[in-house]
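Chemist: for reference, the sequence and a predicted model appear below.
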Amino acid sequence: MKRIVLSVSAIIVALVAVPAFASAQPEVKDECLLYGKNCPNAVDSLPERIAKLKREIGKGEIVYSPEELKKLERKLKEANEMLRVLQKR
């Protein structure tokens, strides 16, 4: 009986702890988008790059400084402009 209670208790503790570990991962900066660092073999299409930039900007000041956010927004504006020009042709 003790073994069953201990086993059930251990399973419950493990199930409760898993979400806590999953949410503990901090959001990190995408240095490839921001600085062009740490991006070996990173070739994105223009729509993929725009989506990545929007996602990174969405992280806000929790992850990025105001200057870095401005830089990402500028890159997003340039990518959108480039996409617009390419779609005109």
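Modeler: That came in fine, so what should we check first? Since we're looking at a predicted model, the values are computed, not measured. Numbering: from 1, shown residues only.
Chemist: can you give me the helices for this structure?
Modeler: In the chain, the helices defined using DSSP state H lie at 2-23, 31-35, 46-59, 66-88.
Chemist: quick check: mean pLDDT across the first one?
Modeler: Pointing back at helix 2-23 there. Helix 2-23 comes out with an average pLDDT of 60.
Chemist: likewise for stretch 71-80?
Modeler: The average pLDDT within stretch 71-80 is 95.
Chemist: can you list contacts of that stretch?
Modeler: Outside stretch 71-80, the residues that touch it by C-beta atoms under 8 Å, 6 or more residues apart in numbering are 33, 34, 46, 49, 50, 53, 54, 56, 57, 64. Backbone N, C-alpha and C define where each C-beta goes, glycine included.
Chemist: list the contacts for the fifth one?
Modeler: Looking back up the chat, that one is residue 50. 76, 79, 80, 83.
Chemist: so residue 86 touches residue 46, yeah?
Modeler: Yes. The criterion here is C-beta atoms under 8 Å, and residue 86 meets it with residue 46 at 7.2 Å.
Chemist: between those two, which has more neighbouring residues?
Modeler: Set residue 86 next to residue 46 and count neighbours by other C-beta atoms under 10 Å: residue 46 wins out with 13 against 9.
Chemist: okay, the more buried one: pLDDT?
Modeler: With respect to pLDDT, residue 46 has a value of 91.
Chemist: sorry, back to before: which among the contacts of residue 50 end up buried?
Modeler: For these, a burial check counting by 16 or more other C-beta atoms under 10 Å picks out 76, 79.
Chemist: reformat the contacts of residue 50 as CSV; add distance to residue 40.
Modeler: Output for the contacts of residue 50, formatted as CSV (distance: C-beta to C-beta, whole Å):
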residue, distance to residue 40
76, 23
79, 21
80, 26
83, 25
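Chemist: just the closest of the contacts of residue 50 to residue 70, please.
Modeler: Lowest distance from residue 70 to these (C-beta to C-beta) belongs to residue 76, with 10.6 Å.
Chemist: against residue 83, how distant is that closest one?
Modeler: Distance of residue 76 to residue 83, given as C-beta to C-beta, to the nearest Å: 11 Å.
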